[in-house]
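Participant: The following comprises the amino acid sequence and a computationally predicted model.
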There are 2 protein chains.
Amino acid sequence: MAVYTEVNDEDLARFLELYEIGQLLSFKGIAEGVENTNYMLHTTSGSFILTLYEKRVETADLPFFLGLMEHLFERGVSCPLPVRDKAGNNLNQLSGRTAALITFLEGFCIKRPQPAHCAELGRMLARFHLAGRDFELTRQNALGPAGWAPLFSSFADEADTIATGLRDEIAGEIDWLSANWPQGLPEGVLHADLFPDNVFFIGDKLSGVIDFYFACNDVLSYDIAICLNAWCFEENYSFNATKARALLKAYSEVRPLTQAECGALPVFARGAALRFLLTRCFDWLNTPPGAILKPHDPLAYLRRLRFHQRVSSIAEYGYDTP
Amino acid sequence: MAVYTEVNDEDLARFLELYEIGQLLSFKGIAEGVENTNYMLHTTSGSFILTLYEKRVETADLPFFLGLMEHLFERGVSCPLPVRDKAGNNLNQLSGRTAALITFLEGFCIKRPQPAHCAELGRMLARFHLAGRDFELTRQNALGPAGWAPLFSSFADEADTIATGLRDEIAGEIDWLSANWPQGLPEGVLHADLFPDNVFFIGDKLSGVIDFYFACNDVLSYDIAICLNAWCFEENYSFNATKARALLKAYSEVRPLTQAECGALPVFARGAALRFLLTRCFDWLNTPPGAILKPHDPLAYLRRLRFHQRVSSIAEYGYDTP
């Protein structure tokens, strides 16, 4: 949520000479993104986002993320398009950072999504999954089942400072999920972080999806399970089956869910809740007290996890298997 | 340089219903301005800046600042125009703050202004001064001569921690200026903070001026003196008479300087250097060590002050009195 790297007009002018995007009219640092520095640019040919990747970002992954955006954009998924320079590159150096220029996507995120928004999300996610099938690059999901135990062990000794008994509860869940994780289901490219913050609307219509920096290859249903967690709980932690039904129905109208995928969804939903519980616990314990960016409450995901533990079939998410 | 107040889509929608600016397409918090929170908006009718005034700003002064912008805009000075709502108001409440919507001004500030930029600045400043003549509201200059002694007394005891002897040097300068401050020169509305940060260019052409939150009534030449300090010194503190000549010549072609104004300029230049020396010393001594926003170096203005102390006539600024 900050401009970590200041860019001046002279450095920017040199950088923009590499591209064919018209004359620069304005640029403003924007308070968007936790990891990177972002500027909004107006030129005579339109609006753009300039992203400078800060040190925490693995630059080796950038060709995957940017290539995926271009791949999806070309297949009709509404997302920002990385602009290629005159030499065909979508990455260059600016002010000591690796930087990319991407088209600006109009729209804004919705604080309290309604069922109609969830349906829009479901349709977009299914199109995303279909469009990603022939994307050639791959990236492992660092926050899938194989990543949970190492992440947990990094803070297990402090877990009970967040909530009494949390250490045992997480350990038990990791054991259960590793014994019961469904195998052999359709895989592909996931967004893997489709929170309401990352989906733009204009009115009730979805205008696009942003922030591809957790995208990876994994089981497609896991992406749906992330959305169930992120979009279908109210602020009081109650599950809203109307929203979930809208999401799942709209998804399956574009990419029908198999019987096996339907059966496995409650397990994936537990896994997705655990994944955000783990990262939120880690951030909670590793954020200095005075930090500007307050960490999210981990217990919101403990509540979600406990809900999914009691779910035995996709019908409880409001979805009628055809 | 931060978003102090978060605005969500619901609050913003209610706020925008007061105005007639088309449908909202996007809004982003921008890292602009030290005191306030700013968002950039795209709507179907154009781009806008939404400013939320944070607690440090004296809201009683806002009608002066916004009224001045409107007054100058209507007289052809390129600056943002505060948008009036359907009821004719240019201020409303949003997310617990007083807020204004203003038109977005294309352009960007120049890190290293050249003489041609200084000429553009001079022409604009003269037009600003002429256009301000019939502006009816007034605001006292809190950082004019009457404000220096009280400001200095708030940190005088610590001044020598910045530079040995600084306390005596400032005290002596305040005494000298109060005894020698020119009287009876043309007064009017000043911008009073025309640093390169606040003047936008597209290419070599000035596209507009922003940040009216120090504007006030005072001697017009004092505004010119601020610009001499802010635009005509190099990073090594050397004075660039070519830039100053360009500024003064362009200014006087639009609003001719009187003999008395020419004679007084070296004194005003000392006063302007002292004014920024004082506020920078104050900020330097009152900024917590870990603050994100690093304070400016006060000594850059001590160097300027000493330069002006040795100047005896406007000719030394490169200007040939007609």
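Facilitator: Right, received. Where do you want to start? Please read all numbers here as calculations on a predicted model, not as lab measurements.

Participant: Can you give the contact residues for stretch A:218-226?
Facilitator: Contact with stretch A:218-226 is made by A:125, A:129, A:141, A:144, A:182, A:185-188, A:190-194, A:247-248, A:251, A:255, A:257, A:261, A:264-265, A:268-269, A:271-272, A:275-276, as judged by C-beta atoms under 8 Å, 6 or more residues apart in numbering or on different chains. Any C-beta I mention is one placed from the backbone N, CA and C, and that applies to glycine too.

Participant: I'd like to know which of the residues you listed are buried.
Facilitator: A:125, A:129, A:141, A:144, A:182, A:185, A:188, A:190-194, A:247-248, A:251, A:255, A:257, A:261, A:264-265, A:268-269, A:271-272, A:275-276 (16 or more other C-beta atoms under 10 Å in any protein chain shown).

Participant: quick one: contacts for A:Asp85?
Facilitator: By C-beta under 8 Å, 6+ apart, the contact set of A:Asp85 is A:18-19, A:92.

Participant: Now flag whichever of those residues is closest to chain B.
Facilitator: A:Tyr19 (16.7 Å; C-beta to the nearest C-beta).

Participant: Name the SS class of the closest one, please.
Facilitator: coil (DSSP: H, G, I helix; E, B strand; the rest coil).

Participant: Just the ones of the contacts of stretch A:218-226 in helices?
Facilitator: The helices, defined by DSSP state H, take in A:125, A:129, A:247-248, A:251, A:261, A:264-265, A:268-269, A:271-272, A:275-276 from the contacts of stretch A:218-226.

Participant: could you measure the most centrally placed residue in chain A against chain B, distance?
Facilitator: The C-alpha lying nearest the average C-alpha coordinate of chain A belongs to A:Asp193 (C-alpha atoms, centre = their mean; 1.7 Å). Here the criterion is C-beta to the nearest C-beta, to the nearest Å. By it, A:Asp193 lies 19 Å from chain B.

Participant: Next, the contact list for that residue, please.
Facilitator: Neighbouring residues of A:Asp193 by C-beta under 8 Å, 6+ apart: A:211, A:213-215, A:226.

Participant: you'd agree A:Trp181 is up against A:Asp175?
Facilitator: No - judged on C-beta atoms under 8 Å, A:Trp181 makes no contact with A:Asp175 at a distance of 11.2 Å.

Participant: If you count surrounding residues, which of these two has more?
Facilitator: A:Trp181 (16 against 11; other C-beta atoms under 10 Å in any protein chain shown).

Participant: measure the more buried one to A:Gly263 for me?
Facilitator: The gap separating A:Trp181 from A:Gly263 is 13 Å, by C-beta to C-beta, to the nearest Å.

Participant: do the same with A:Leu18
Facilitator: For A:Leu18 relative to A:Gly263 (C-beta to C-beta), the value is 51 Å.

Participant: likewise A:Ile49?
Facilitator: When distance is defined by C-beta to C-beta, A:Ile49 is 41 Å away from A:Gly263.

Participant: likewise A:Phe233?
Facilitator: Taking C-beta to C-beta, one finds A:Phe233 at 22 Å from A:Gly263.

Participant: So between these two, which is more surrounded?
Facilitator: A:Phe233 (20 against 16).

Participant: That one: what's it in contact with?
Facilitator: Residues near A:Phe233 by C-beta under 8 Å, 6+ apart: A:239-240, A:300, A:303-304, A:307.

Participant: repeat that with 7 Å
Facilitator: A:Phe233 makes contact with A:239-240, A:304 under the criterion C-beta atoms under 7 Å, 6 or more residues apart in numbering or on different chains.

Participant: got it, and A:Ala192?
Facilitator: A:141, A:214-216, A:223, A:226.

Participant: Just those residues: which are in strands?
Facilitator: Among those, the ones falling in strands (DSSP state E) are A:Cys216.

Participant: Closest one to chain B out of the contacts of A:Ala192, please.
Facilitator: Checking the contacts of A:Ala192 against chain B by C-beta to the nearest C-beta gives A:Phe214 as the nearest, at 21.1 Å.

Participant: number of nearby residues for the closest one?
Facilitator: A:Phe214: 18 neighbours (other C-beta under 10 Å).

Participant: any idea how far it lies from A:Ala126?
Facilitator: For A:Phe214, the distance to A:Ala126 - C-beta to C-beta - is 19 Å.

Participant: ditto for A:Ile49
Facilitator: 26 Å.

Participant: about what we covered before: can you lay out the contacts of A:Ala192 as TSV showing pLDDT?
Facilitator: Shown next, in TSV, are these (pLDDT from 0 to 100):
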residue	pLDDT
A:Asn141	95
A:Phe214	95
A:Ala215	97
A:Cys216	97
A:Asp223	98
A:Ile226	98
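
Participant: Apart from its neighbours in sequence, what residue is nearest A:Ser313?
Facilitator: Excluding the flanking residues, the one nearest A:Ser313 by C-beta to C-beta, 6 or more residues apart in numbering or on different chains is A:Pro266, at 6.9 Å.
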